[in-house]
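Trainee: Quick one, structure for this:
(chains A and B)
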Amino acid sequence: MMIEEKSLNFIEEIIEKDLKSGKYTSILTRFPPEPNGYLHIGHAKSICLNFGLGIKYGGQTNLRFDDTNPTKEETEYVDSIKEDIQWLGFTWARELYASDYFDQLYLFAEKLIEKGFAYVDDSTAEEIATLKGTPTTPGKDCFYRSRSVADNLQLFREMKAGKYQDGEKVLRAKIDMTANNMHMRDPIIYRIKHAHHHRTGDNWCIYPMYDFAHGQSDSIEKITHSICTLEFIPHRELYDWLIEKLEIFPSTQYEFARLNMTYTVMSKRKLLQLVEEGYVTSWDDPRMPTISGMRRRGYTAESIRNFCDRIGIAKRENMIDISLLEFCVREDLNKKAPRVMAVLDPLKLIIINYPEGQTEDLLSENGPEESFGTRLVPFSKELWIEAEDFMEVPAKKYFRLAPGANVRLKSAYIVQCDSFVKDGNGKVTAIHCTYFPDSKSGNDTSGIVVKGTIHWVSAVHALKASIRLYNRLLQVENPSAEEGDFKSYINPQSLQVIDTAYVEPSLLHAPIHSGYQFIRKGYFCLDKDSTATELIFNRTVTLKDAWAKETKKN
RNA sequence: UGGGUUAUAGUGUAAUGGUAACACUACAGAUUUUGAUUCUGUCAUUCUAGGUUCGAAUCCUAGUAACCCAACCA
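Mentor: Residues are numbered from 1 along each chain as shown, chains lettered A, B, ... in the order given. Below you'll find the model as predicted:
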């Protein structure tokens, strides 16, 4: 068997170097979400990276919730995050919370104060911002910067004890107000928040900032490679400074470029807006780029993992074409999804020479490979076919049904169109055909050659179903590069609901989320909104459609 | 008028001084009882200008462009 030589990404190169040099004997990574929203495809990239590295190098990966801001975080999000990671197929070594470290982090802060590297500042937020300067002008030391260690310690303890109101005081690291790196200009490391925390309740009224929680948590867990996205590069200097001053385990931070995808918004803030303002129904709306939305839409975990693998890991800004994701979904579903027949836009086809009341169960393969197996599909005199499969005046190169034309009914017989019926508005309401009894699928002795094969369902046997067709949520390729509010680029046609579709009876007991190919129409799955009396299918993704392209050209 | 990061096909990712490769997209064509799948083919003087070298995407110099940094968010 050929072993595929795959080149390493820059993080893998670092890890292999660290392992080879003996810097580490095994690696430990972590996935550190803040539980303030649902995970999206961008998180999937990070999950696949972190967990994938753990697996590849025989190490482990922790799941750590970065829950240091009680006003934004909720248990609902914690639960959804765990569900999504598991669904993607990954297992964490330990489930941890930054809030578990609040006692330890507090002690770290006291240590910093004792070493003269932190002070309590009574300034207002505005005063702090003013003295901070700008990227091009240095900041200035504030009056409180020179407080004694003893004073700082007492003040900080009083902050913890609840003596002060929100915003009255903060604890700052004492570094350098003139540093080029804004994050080194005495960053705030603790703030007062009299707020209820989803895990620690009302135990605390001071909470550490990201910079005083993340790296320290990494260090406590002995994370070897702490991988985050590019916008944290300026934080790395502070990350290292704190580890050095605290004299704790030296985790190292590495940064890669986050995922951007065409026709998609990825920020949690924007996704939250879509949910709260009713542009979509929920976080798991199939139009959302969330993992739960994609799952509900019918995307498979494997296709998402493959996608993350193909997009690669690098440090440059990127904009991945969403068609790559769709390719990965089709690629996986093509291998797995049983083929069935469903008619989305029904048109009655009556076979004049087929006996009234007769039914045949026709053998039909469930997929292109033998391993898919077969099933029986009922056939009768009256069928539903797709309205677009008939043209009164056929277009050029159209090889479906038209007056006088022949077509194969998939897994059944060849029929010829004799006539059609129109209503008062000129709309075709039924077509009349004759069938060739000796053209039965698998046993065709008719000698008739047809160019087209179309799908169908038997009218008396069909199940009525409702189908949700999803199109892209945003109409522009890069919504954040456009002028104004991204919501003005929302596609009003992002969801199209078909109430009267007909599907073959084998779909009666379809499991939720399980992918089917509706032949010639795309991949679909049963939605969780379905009931015993109403089948609701989501369109996962269309099939590639060469004919649609052909029609567009003309 | 500061600091940091990045520049390879339409989009991504490789090539680690030695023939610019792979995937997606797009466009042709073959096969097909899904206009699907599958298969075949087409698409680059590596941001620019100099330099080093027998040889440069890779090293050096000088530019240019994009992105990030001034939340008591993460």
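Trainee: how about the least confident helix or strand in chain A by mean pLDDT, does it reach RNA strand B?
Mentor: Least confident helix or strand of chain A, by mean pLDDT, DSSP states H and E, is helix A:546-553 with a mean of 87. Yes. Residues of helix A:546-553 contacting RNA strand B under Cβ under 7 Å from any atom of the strand: A:546-547, A:549-550. Using the backbone N, CA and C atoms, a C-beta is placed for each residue, glycine as well.
Trainee: what's the answer for stretch A:6-13, then?
Mentor: Yes. Contact of stretch A:6-13 with RNA strand B (Cβ under 7 Å from any atom of the strand) involves A:7-10, A:13.
Trainee: From one end of that stretch to the other, what's the distance?
Mentor: End-to-end distance of stretch A:6-13 (Cα to Cα, to the nearest Å): 12 Å.
Trainee: residues in contact with that stretch?
Mentor: For stretch A:6-13, contacts defined as Cβ atoms under 8 Å, 6 or more residues apart in numbering pick out A:16, A:49, A:53, A:56, A:225, A:227, A:254, A:256, A:312-315.
Trainee: In PyMOL, how would I select just the buried ones from those residues?
Mentor: Entered in PyMOL, the line below selects the buried ones among those, by 16 or more other Cβ atoms under 10 Å:
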select buried, chain A and resi 49+53+225+227+254+256+313
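Trainee: Quick check: the farthest pair among the contacts of stretch A:6-13?
Mentor: Put simply, by Cβ to Cβ the two of the contacts of stretch A:6-13 set farthest apart are A:K56 and A:K315, 19.8 Å from each other.
Trainee: Against RNA strand B, how distant is the residue lying closest to A:N36 once chain neighbours are set aside?
Mentor: Closest residue in space to A:N36, ignoring its immediate chain neighbours: A:K72 at 4.3 Å, by Cβ to Cβ, 6 or more residues apart in numbering. From A:K72 across to RNA strand B, the span is 6 Å (Cβ to the nearest atom of the strand, to the nearest Å).
Trainee: quick check, A:K72 in a strand?
Mentor: No. With DSSP: H, G, I helix; E, B strand; the rest coil as the criterion, A:K72 is located in coil rather than a strand.
Trainee: Please report the number of neighbouring residues for it.
Mentor: For A:K72, the neighbour count with other Cβ atoms under 10 Å is 15.
Trainee: That one touches A:A195, doesn't it?
Mentor: No. A:K72 is beyond contact range of A:A195, at 9.7 Å (criterion: Cβ atoms under 8 Å).
Trainee: Now do the SS call for A:V275.
Mentor: helix.
Trainee: what sits against A:Y435?
Mentor: A:Y435 makes contacts with A:351, A:353-354, A:413-416, as judged by Cβ under 8 Å, 6+ apart.
Trainee: Out of those residues, which end up buried?
Mentor: Among the contacts of A:Y435, those buried by neighbour count (16+ other Cβ under 10 Å) are A:351, A:354, A:413-416.
Trainee: Would you mind measuring from the nearest residue to A:P138 once chain neighbours are set aside to A:S282?
Mentor: Leaving aside its chain neighbours, A:P138 sits nearest to A:T178 (3.9 Å; criterion: Cβ to Cβ, 6+ apart). Separation of A:T178 from A:S282 (Cβ to Cβ, to the nearest Å): 49 Å.
Trainee: before we move on, the earlier item: among the contacts of A:Y435, which are in strands?
Mentor: Counting by DSSP state E, the part of these found in strands is A:351, A:414-416.
Trainee: quick revisit: measure the residue nearest to A:N36 to A:K245 for me?
Mentor: From A:K72 over to A:K245 (counting by Cβ to Cβ), the distance is 28 Å.
Trainee: doesn't A:I448 make contact with A:F436?
Mentor: Yes. If you go by Cβ under 8 Å, A:F436 and A:I448 touch, sitting 6.3 Å apart.
Trainee: who's more crowded, those two?
Mentor: Each of A:F436 and A:I448 has its neighbours counted (other Cβ under 10 Å); A:F436 has more, 17 against 14.
Trainee: and the gap between that one and RNA strand B?
Mentor: Applying Cβ to the nearest atom of the strand to A:F436 and RNA strand B gives a distance of 11 Å.
Trainee: Go ahead and name everything in contact with the strand or helix carrying A:E302.
Mentor: Using DSSP states H and E, the element containing A:E302 is helix A:301-311. By Cβ under 8 Å, 6+ apart, the list of residues contacting helix A:301-311 from outside reads A:41, A:44-45, A:47-49, A:52, A:87-89, A:259, A:291, A:294-295, A:318, A:320, A:324-325, A:328-329, A:331-333.
Trainee: Average pLDDT for that helix, rounded please.
Mentor: Helix A:301-311 carries an average pLDDT of 98.
Trainee: where exactly do the strands run in the stretch 1-150 of chain A?
Mentor: Remark: strands assigned in the stretch 1-150 of chain A by DSSP state E, counting those that start in this stretch are A:28-31, A:60-65, A:95-97, A:118-121.
Trainee: do you know which of the ones you listed lies nearest RNA strand B?
Mentor: Nearest to RNA strand B, of all the strands of the stretch 1-150 of chain A, is strand A:118-121, at 7.4 Å by Cβ to the nearest atom of the strand.
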